[in-house]
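1. Sequence first, predicted coordinates after that:
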Amino acid sequence: MVTSHKDKNICVKCGIYQIECECGSIYVGETGRELNVRISEHKRSCNNGPNQDGFFSSGVSEHIWTEDGVHSIRWNEADVILQEPRFFQRKIKEAVIIKKKTALGIPLMNRRNERGCEWLHAYWDKLLIDIILRISQLCLSVRPSVTLDV
């Protein structure tokens, strides 16, 4: 019998993920675990609502419980948009993606304290926003059908 000593527990569905609401808002998160585990936690938070102190354990649950209108989260469309198993790199990439979506005017379900501020200093904001907007303008001028989905 031949066996392999390689680690078989490599997380292929960990990284930065995105959850969408039918209202157009997006939640960007990161996880070092399998995506389905993290999605289950978001669903549980949405079902439970706020705790006794009025705190929501997820930006997604806060969105559906406090925003006006009827919100339907597209759980089946949630997916890892960028694989990254390394913790620090994952946090930085999540912060950059959140800043990009904010710069492009995409409504987010992320709470203010979940927007990567602690991982990406504000000094980077202007530079990243300028780069993001220039890239999006270039894509639109070269090929109007191109969208920036990251």
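-> Happy to help now that I have it. Computed from a predicted structure; not experimentally measured.
2. which regions of this structure lie under the pLDDT threshold?
-> 1-12, 113-126, 128-129, 131-150 (pLDDT under 70).
3. How are the helices of it distributed by residue range?
-> 35-48, 59-66, 87-103, 123-142 (DSSP state H).
4. which residues sit against the shortest one?
-> Contacts of helix 59-66 from elsewhere in the structure, counted by C-beta atoms under 8 Å, 6 or more residues apart in numbering, are 19, 21, 25, 27, 42, 45-46, 48-50, 56, 71, 73, 109-111, 114. Every residue, glycine included, has its C-beta placed from N, CA and C.
5. I would like a PyMOL command selecting only the buried ones among the residues you listed, please.
-> Buried residues among the contacts of helix 59-66 (16 or more other C-beta atoms under 10 Å), as a PyMOL selection:
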select buried, resi 19+21+25+27+42+45+46+56+71+73+109+110+114
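6. Can you list which of the contacts of helix 59-66 are found in strands?
-> Mapping these onto strands (DSSP state E) picks out 19, 27.
7. So Lys43 sits against Trp75, correct?
-> Yes - contact criterion C-beta atoms under 8 Å: Lys43 and Trp75 qualify, at 6.7 Å.
8. In this structure Lys93 contacts Ile16, no?
-> Yes - Lys93 lies in contact with Ile16 (C-beta under 8 Å); the separation is 5.7 Å.
9. what's the overlap in contacts for these two?
-> With C-beta under 8 Å, 6+ apart, Lys93 and Ile16 have common neighbours 30, 82, 84.
10. which strand residues sit across from the nearest residue to the second one once chain neighbours are set aside in the sheet?
-> So that's Leu82. Once flanking residues are discounted, Leu82 sits nearest to Ile16: 4.4 Å by C-beta to C-beta, 6 or more residues apart in numbering. Beta bridges link Ile16 to Glu30, Leu82, judged by DSSP bridges.
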